[in-house]
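>>> here is a sequence together with a model predicted from it:
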Amino acid sequence: MRIGFVAGEMFAGLRRNFTMTLAVVLVTMVSLFFFGAGLLVQKQVDILKGDWYDRVQVSIFLCGSESPSENCPGGSISDEQRNTLRDALNAEPLVDEVFYESQQEAYQNFLEMYDTSFTANVTPDQLPESFRLRLTDPAQYQQVSEQFATYPGVEEVPDQRAILEPLFTVLNVATQIALGLAALMLLCSMMLVSTTIRLTAFSRRRETTIMRLVGASRALIQLPFVLEGVVASLVGGILASGALWAMVNFGVSRLQSRPGFTTRLIDTTDVLTQTGPIIVAVGVVFAIIASLFSLRRWLKV
């Protein structure tokens with residue numbers, strides 16, 4: 001196959017249809033930018049889940065004088081029940097560490113968290129004592145909760161992870177919306193690539209007819225058209241990757257560098273090593289599919 005001839009035909013087509021090619025580049029860039037943003041949002045959600053779930057501790061609240069009778073029919077927890085529960089927690093393989101918080105310690109923490117207008121009428125005996133558990137595997141929370149919720153002297157084992165689920169639900173919905181919009185934009189990009197290739201093939205129909213008559217192969221005739229779409233989509237993908245890199249570098253990274261901000265966020269490495277190559281590859285594959293689909297109808301070879 002004559003590489004020089006193929007490259008020449010490709011660049012000739014790009015020059016002749018510069019306006020359409022520029023439109024393909026811009027539409028591809030926008031569509032791949034949304035697609036890449038959706039991937040980055042999904043990665044950030046996964047990071048937050050792993051980070052925040054690891055910080056969540058299982059709290060086992062013990063029966064006290066203020067506990068409802070339906071949860072604590074035996075009244076306040078006895079020393080024997082407390083010691084039995086402590087021994088069971090220490091022997092549980094899923095429990096990494098056990099911290100005991102007395103009513104007085106719970107009261108001091110309560111005073112630190114809220115202002116005096118809210119804490120004025122609260123006394124230590126109104127707050128429950130508790131065991132705080134750090135698990136070896138936070139994903140096994142439900143098993144630990146069910147195992148110790150029925151122990152004598154236990155008032156409640158609340159699911160603190162339920163507090164985070166609404167946030168993750170919102171983030172997941174945002175990701176799905178971004179990916180859905182990206183899919184729509186990718187479809188528009190494919191249609192534009194297909195239209196450009198059709199116009200190029202139509203404008204050069206005399207040349208392709210001559211090539212068929214002299215025995216040129218199917219690949220030799222189609223390859224310049226396919227490469228035109230690939231080049232336009234490749235440039236669009238690179239520009240989209242650059243836009244994502246700039247967004248993360250000048251936006252997200254600055255947030256990460258603020259004093260006291262400890263949550264891990266996505267960084268430029270995620271764009272360069274993961275998201276960027278993916279969106280460039282997707283753009284090239286979509287361009288090849290659109291080009292070949294268009295050429296099947298317009299080039300009878």
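All right, it came through fine.

>>> going by C-alpha atoms from here, please, whenever you check contacts or count neighbours.
Noted.

>>> state the distance from residue 62 to residue 294.
Distance of residue 62 to residue 294, computed by CA to CA, to the nearest Å: 70 Å.

>>> pick out whichever of these two has more residues nearby.
Of the pair residue 62 and residue 294, residue 62 is the one with more neighbours under other CA atoms under 10 Å, namely 26 against 21.

>>> what about that one, distance to residue 134?
Between residue 62 and residue 134 the distance is 17 Å, computed by CA to CA.

>>> could you pull out the strands for the chain?
58-62, 95-101, 130-135, 154-156 (DSSP state E).

>>> helices or strands next to the second one in the packing?
The elements that strand 95-101 packs onto, with contact taken as 3 or more CA pairs under 8 Å, 6 or more residues apart in numbering; DSSP states H and E, are helix 79-91, strand 130-135.

>>> list the buried residues for the longest one?
In this case it means helix 79-91. Of all the residues in helix 79-91, those buried under the rule 16 or more other CA atoms under 10 Å are 81, 82, 85, 89.

>>> pLDDT of that helix, averaged?
The average pLDDT for helix 79-91 rounds to 90.

>>> what number of residues lie near residue 278?
Neighbours of residue 278 (other CA under 10 Å): 18.

>>> contacting residues for it?
Residues near residue 278 by CA atoms under 8 Å, 6 or more residues apart in numbering: none.

>>> and residue 266, by the same measure?
With CA under 8 Å, 6+ apart, residue 266 has these contacts: 40, 43, 44, 248, 252, 253.

>>> for residue 97, name its beta-bridge partners.
Judged by DSSP bridges, the bridge partners of residue 97 are residue 134.

>>> quick one, what contacts it?
Residue 97 neighbours (CA under 8 Å, 6+ apart): 90, 133, 134, 135.

>>> restricted to buried residues, select the residues you listed in ChimeraX.
Filtering the contacts of residue 97 down to the buried ones (16+ other CA under 10 Å) takes a single ChimeraX command:
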select :133,134,135
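
>>> what about the nearest residue to residue 103 once chain neighbours are set aside, how many residues close to it?
Counting by CA to CA, 6 or more residues apart in numbering, the nearest residue to residue 103 once its immediate chain neighbours are dropped is residue 129, at 4.7 Å. With neighbours defined by other CA under 10 Å, the count for residue 129 comes to 22.

>>> what's the spacing between residue 129 and residue 101?
6 Å.

>>> likewise for residue 189?
From residue 189 to residue 101 the distance is 60 Å (CA to CA).

>>> what about those two, which has more around it?
Under the criterion of other CA under 10 Å, the comparison of residue 189 against residue 101 puts residue 189 first, with 27 against 17.

>>> restricted to helices, list the contacts of residue 266.
Among these, the residues falling in helices (DSSP state H) are 40, 43, 44, 253.

>>> let me see the backbone angles for residue 74.
Backbone torsions of residue 74, given as degrees, to the nearest 10, read phi -90, psi 0.

>>> skip the chain neighbours and tell me the closest residue to the residue nearest in space to the middle of the chain.
Centroid-nearest residue in the chain: residue 42, 0.7 Å away (criterion: CA atoms, centre = their mean). Take residue 42 and drop its neighbours on the chain: the residue closest to it by CA to CA, 6+ apart is residue 175, 6.0 Å away.

>>> can you verify my assumption that that neighbour contacts residue 43?
No: counting by CA atoms under 8 Å, residue 175 stays clear of residue 43, with 9.6 Å between them.

>>> more neighbours: these two, which one.
Neighbour totals were compared for residue 175 and residue 43, and residue 175 leads with 21 against 17 (other CA under 10 Å).

>>> so who does residue 130 touch?
Residues near residue 130 by CA under 8 Å, 6+ apart: 59, 60, 61, 62, 100, 101, 102.

>>> wait, which of those residues is closest to residue 227?
residue 59 (60.8 Å; CA to CA).

>>> hang on, that closest one packs against residue 129?
No: Residue 59 is beyond contact range of residue 129, at 10.0 Å (criterion: CA under 8 Å).

>>> so where's the chain uncertain?
The chain contains residues with pLDDT under 70 at 1-17, 53-56, 69, 115, 117-118, 139, 159-164, 200-221, 260-262, 295-301.
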